[in-house]
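Asker: got a structure for you, letters missing:
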């Protein structure tokens, strides 16, 4: 299973580019814990949160269990997408498989990983060589709740507040779920 997932984490996106206004993950390689590709349809009707983390990060190792518990309580209304700050594809796969909840992951090699880090200003100190310091608002761990097009709806400052930051995120109360297929057609 790890070999299959490692191969998929290294793969280039297989889906054709989507038209503007489509799901932010439309052309991305989104994977489930079973290593199988997922689509935007798997995210509909839930709030979607990006989880930026790295296995080498002590704060991430402390925060991930709290996020797993949070996800278990809200799995009907929340989907999490892991965005790796690990140092290699193999490290990212092992990190995801061994410590993360039953949520999704963006392939390590997918160009969207870097775009999301830049867009939301979230990257680790180890990644400053790639991204610099300008525009960085947080290191890892961090959680960003996004809408269908990838716009930020809520920032969960887990690097500075740890598990306590999750208390402010109320998925059922905020009404930020991704649209159902019927809502997209109208």
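Answerer: Here it is on my side, so go on. Note that this is a predicted model, so its numbers are computed, not measured.
Asker: ok, residues contacting the longest helix seen in the chain?
Answerer: For the chain, the helix with the greatest residue count under DSSP state H is helix 58-74. With contact meaning C-beta atoms under 8 Å, 6 or more residues apart in numbering, helix 58-74 is reached by 51, 53-55, 78, 80, 99-103, 140-141, 143, 158-159, 162-163, 166, 169, 171-172. Glycine gets a C-beta too; all of them are placed from N, C-alpha and C.
Asker: residue 28 - nearest residue in space that isn't next to it in sequence?
Answerer: Spatial nearest neighbour of residue 28, excluding adjacent residues (C-beta to C-beta, 6 or more residues apart in numbering): residue 112 at 4.5 Å.
Asker: who are the packing partners of the helix or strand harbouring the one you found?
Answerer: Using DSSP states H and E, residue 112 sits within helix 111-120. Contacts defined by 3 or more C-beta pairs under 8 Å, 6 or more residues apart in numbering; DSSP states H and E place helix 111-120 against strand 47-53, strand 78-84, strand 104-106, helix 128-131.
Asker: so which bits of that helix are buried?
Answerer: For helix 111-120, burial by neighbour count (16 or more other C-beta atoms under 10 Å) applies to 112, 113, 116, 117, 119, 120.
Asker: now do that helix against strand 47-53, angle only.
Answerer: Angle, helix 111-120 to strand 47-53, by axes from the mean of the first three to the mean of the last three C-alpha atoms, to 10 degrees: 90 degrees.
Asker: can you give the distance of helix 111-120 from its chain's centre?
Answerer: 11 Å (C-alpha atoms, centre = their mean, to the nearest Å).
Asker: neighbouring contacts of that helix?
Answerer: Contacts with helix 111-120, where a contact means C-beta under 8 Å, 6+ apart, come from 13, 24-25, 27-28, 50, 52, 83-85, 106-107, 122-123, 127, 130-131, 135, 137, 142, 144, 150, 152, 155.
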